[in-house]
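A.B. asks: Pasting the sequence and the predicted coordinates here, then a few questions.
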Protein chains: 2
Amino acid sequence: MALPKRIVIHELGPREGMQIEKNPVDTSEKIRLVDMLSECHFHEIEVTSFVSPKWVPQMADAEQVVAGIRRAEGTRYTAIYLNTQGLQRAVMTAKLDVEGSLSITASEAFSKKNTNRSIAETLAETEKRIEGFQRFGIRPHEVSVMAAFGCNYEGDISPDHVVGLISQLMDMAEQNQYDISMIQLADTMGWANPEAIRRLVGKVQDRWPTRRINLHLHDTRGMGLMNAFAALEMGVDDFDSAVAGLGGCPYAGFKDAPGNIATEDLVHMCHEMGIETGVDLERLLDVAREAERIVGHPLPGKVMRGGHLNSYRRAAAAARAAQ
Amino acid sequence: MALPKRIVIHELGPREGMQIEKNPVDTSEKIRLVDMLSECHFHEIEVTSFVSPKWVPQMADAEQVVAGIRRAEGTRYTAIYLNTQGLQRAVMTAKLDVEGSLSITASEAFSKKNTNRSIAETLAETEKRIEGFQRFGIRPHEVSVMAAFGCNYEGDISPDHVVGLISQLMDMAEQNQYDISMIQLADTMGWANPEAIRRLVGKVQDRWPTRRINLHLHDTRGMGLMNAFAALEMGVDDFDSAVAGLGGCPYAGFKDAPGNIATEDLVHMCHEMGIETGVDLERLLDVAREAERIVGHPLPGKVMRGGHLNSYRRAAAAARAAQ
């Protein structure tokens, strides 16, 4: 299949990045990071996460961060939450684009470790989540499966199992007359490879040909960007990523492994192949370098070190002109 | 095209890695690194480089390194050299598999900066190189083009220009009745992307369908492994890489950018897709972690941090069995 002409990128750096940092990041720095990202013209920026400060103290300032940011025209500002209490906090900010999603973890073992509930229990509790959505007038448009390719605690996850879970969530959505336009497949622990992407994406496309697919890819074993490319070749045009490769999964059982694919590396790769992203890459590279300064340690993004090829093209052209 | 069933990997870490390190690495550590790599069953290990100690003081101990290593059965031990003097030093060790290659840099600007000679001058001097080969009974089997996809000083490099250069080298090889079995395309400064790989590899395959292609890929902008995958899909089955992602190009005008693709990440990716490499990945991951200790700073390899998926599969199976 021909590569898509244009893709949509969901920037998760502020949320994915800040929840995993060991050293506290000042609220003002979190706000500054979002504001800088706002200059890059993203479709969406995930600003923060409304979770219990007991479990994730790094996100205790979620409300202050949201209060401090400046919204830019054309960008959606979202947040994640895990229960109705978190949803309420997000709604109460009156400043976010609060979205709902019907989500599940495909790994039984990870589901228990991460949320203390089995897959069946999570599905059963989805009715309660739907009540929460109704209370705040949220109509989910997305179905999401985490650990869709494999799990550090469970091993490989079969594509048919994932399709079965999506099907159950789709049934629930239909019962509530939700218009599901997006199916998200998350490779939460970096298990995918290009062949696995083709198998699962192919099955989902065959079963739900009119739904858009979003891929949330982690670069844990260096295959993240390659998996994005394999998905682009299948027509997937919607991706999550995090500036500079901020973040990772604090519950996924490994240390210092790369998290999400780096947004600027994804954008650079797309632009090099003529795929539009709408993102201002020059500005984004500045933000990636600034993100490193904010967290105070190296981050995995590569183009911020290797350099934007266009800057070398310009310098080479100037050198030729000067001869 | 179906992915190849098996690929050959040339391990360049000891050479690529040691020539770029700012802090001197003990000769004994260099020897230890090669000896550890010898336990991983590579087709080839590039041990060192016979270059002027005036320009590359890190490689002044090339003879001592070669004298110290233990050769393992089934592995070729090679070195690079840039002139007849270096070739003589390699031959004099009486312990290496000394190979010859007819090579050129596709970038005029980089050729001048790196070797102080234009492309035309380098081609003209190839006759002298061939005399050197004859003197030591070396019969080159490889034609090699560096900066084959682009150059930080020159910008993009056209595939037709590269094919033209290969053609000139092939003519010289024919005049000398060399049996050229391999064409190496080196992305010395990390300019390739999957589309560019397809264009150039496609042209080379069309023109020289019986020759094997080797790809030497740098991960400067995070696209190295993705480019390897694109090449695998074109049937390319011969790759250079460096354990832990050691190395880089000291003359390429940037700092701290990743160098060669990390061998263990390439091997892991191949094994995940059922492509054999013959390499012992478990042992190689130990070596990658040891390589970090030897150079004393983090290296870009990812699987050594994210973990071999097979180890998680085993643990998950054991956990299930214990329930």
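C.D. replies: Perfect, I can see it now.
A.B. asks: And the pLDDT for the closest residue in space to residue A:196 that isn't next to it in sequence?
C.D. replies: Leaving aside its chain neighbours, residue A:196 sits nearest to residue A:149 (5.4 Å; criterion: CB to CB, 6 or more residues apart in numbering or on different chains). From N, CA and C alone the C-beta is placed, and that goes for glycine too. We note a pLDDT of 98 for residue A:149 in this prediction.
A.B. asks: cool, residue A:257 as well?
C.D. replies: 64.
A.B. asks: for residue A:193, what are its contacts?
C.D. replies: For residue A:193, the contacting residues are A:223, A:226, A:227, B:269, B:272, B:273, by CB atoms under 8 Å, 6 or more residues apart in numbering or on different chains.
A.B. asks: all strands of the stretch 1-150 of chain A, in order?
C.D. replies: Counting by DSSP state E, counting those that start in this stretch, one finds strands in the stretch 1-150 of chain A at the ranges A:8-11, A:44-50, A:76-81, A:101-105, A:142-146, A:150-151.
A.B. asks: What's the first helix or strand after the helix or strand encompassing residue A:199?
C.D. replies: Using DSSP states H and E, residue A:199 falls within helix A:194-207. Heading C-terminal from helix A:194-207, the first helix or strand you meet, by DSSP H and E, is strand A:212-217.
A.B. asks: Restricting the selection to alpha carbons, write that next one to CSV.
C.D. replies: What follows is strand A:212-217 as a C-alpha-only set of coordinates in CSV (Å, rounded to 0.1, in the frame of the first residue of the first chain):
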residue,chain,number,x,y,z
ARG,A,212,-9.1,4.5,12.0
ILE,A,213,-6.3,2.8,13.8
ASN,A,214,-4.0,4.6,16.3
LEU,A,215,-0.7,3.0,17.2
HIS,A,216,1.0,3.7,20.6
LEU,A,217,4.5,2.4,20.2
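A.B. asks: any bit of that strand sitting next to chain B?
C.D. replies: No - on the criterion CB under 8 Å from any CB of the partner chain, strand A:212-217 is out of touch with chain B, staying 12.1 Å away.
A.B. asks: which helices and strands does that strand pack with?
C.D. replies: strand A:182-187, helix A:194-207, helix A:224-233, strand A:238-241 (3 or more CB pairs under 8 Å, 6 or more residues apart in numbering or on different chains; DSSP states H and E).
A.B. asks: Identify all contacting residues around the helix or strand bottoming out on mean pLDDT in chain A.
C.D. replies: Counting by mean pLDDT, DSSP states H and E, chain A has its least confident helix or strand at helix A:18, which shows a mean of 83. The contact list for helix A:18, computed with CB under 8 Å, 6+ apart, reads A:25, A:30, A:48, A:58, A:59, A:246.
A.B. asks: that older thread, so which of the helices and strands packed on strand A:212-217 gets nearest residue A:158?
C.D. replies: Proximity to residue A:158 (CB to CB) singles out helix A:194-207 among those, at 9.2 Å.
A.B. asks: So for the closest one, what gets flagged as buried?
C.D. replies: For helix A:194-207, a neighbour-count test (16 or more other CB atoms under 10 Å in any protein chain shown) marks A:194, A:195, A:196, A:197, A:198, A:199, A:200, A:201, A:204, A:205 as buried.
A.B. asks: the inter-axis angle of it versus strand A:212-217?
C.D. replies: Relative orientation of helix A:194-207 and strand A:212-217, computed by axes from the mean of the first three to the mean of the last three CA atoms, to 10 degrees: 160 degrees.
A.B. asks: so which strand or helix has residue A:305?
C.D. replies: Taking DSSP H and E as the definition, one finds residue A:305 inside helix A:303-306.
A.B. asks: Stretch A:215-227: how far from the chain's middle?
C.D. replies: On the basis of CA atoms, centre = their mean, to the nearest Å, stretch A:215-227 sits 12 Å off its chain's mean C-alpha point.
A.B. asks: Could you do stretch A:82-89 as well?
C.D. replies: Worked out by CA atoms, centre = their mean, stretch A:82-89 lies 19 Å from the chain centre.
A.B. asks: quick one: which two of the contacts of helix A:18 are the most distant?
C.D. replies: It's A:59 and A:246 that sit farthest apart of the contacts of helix A:18, by CB to CB, at 13.9 Å.
A.B. asks: Looking at those two, which is more packed in?
C.D. replies: More neighbours surround residue A:246 than the other of residue A:59 and residue A:246, with 31 against 21 (other CB atoms under 10 Å in any protein chain shown).
A.B. asks: Domain parsing of chain A, as residue ranges.
C.D. replies: Domain segmentation of chain A under automatic domain parsing yields A:1-99+A:242-323, A:103-220+A:227-234.
A.B. asks: I'd like to know which of the ones you listed has the weakest mean confidence.
C.D. replies: Note on those: domain A:1-99+A:242-323 shows the lowest mean pLDDT, a mean of 92.
A.B. asks: so how far is that domain off the chain centroid?
C.D. replies: 9 Å.
A.B. asks: same check, this time on stretch A:159-179
C.D. replies: 21 Å.
A.B. asks: Whether it contacts chain B - can you check?
C.D. replies: No - remark: stretch A:159-179 sits outside contact range of chain B, by CB under 8 Å from any CB, the gap being at least 14.5 Å.
A.B. asks: what do you get for stretch A:301-321?
C.D. replies: Yes - using CB under 8 Å from any CB, stretch A:301-321 reaches chain B at A:301-303, A:305-307, A:309, A:312-313, A:315-317, A:319.
A.B. asks: For that stretch, buried residues please.
C.D. replies: Residues of stretch A:301-321 classed as buried: A:301, A:302, A:303, A:304, A:305, A:306, A:307, A:308, A:309, A:312, A:313, A:316 (neighbour count, 16+ other CB under 10 Å).
A.B. asks: Any idea how many residues pack against the nearest residue to the first one once chain neighbours are set aside?
C.D. replies: Using CB to CB, 6+ apart and skipping the chain neighbours, the partner closest in space to residue A:301 is residue A:262 (3.7 Å). Residue A:262: 30 surrounding residues under other CB under 10 Å.
A.B. asks: and if you look at residue A:214?
C.D. replies: So residue A:214, with other CB under 10 Å, has 20 neighbours.
A.B. asks: what's near enough to touch it?
C.D. replies: Residue A:214 sits next to A:10, A:142, A:182, A:183, A:184, A:185, A:236, A:238, A:239, A:240 when contact means CB under 8 Å, 6+ apart.
A.B. asks: Kindly provide the distance from the second one to chain B.
C.D. replies: Right, residue A:142. Using CB to the nearest CB, to the nearest Å, one gets 27 Å for the distance from residue A:142 to chain B.
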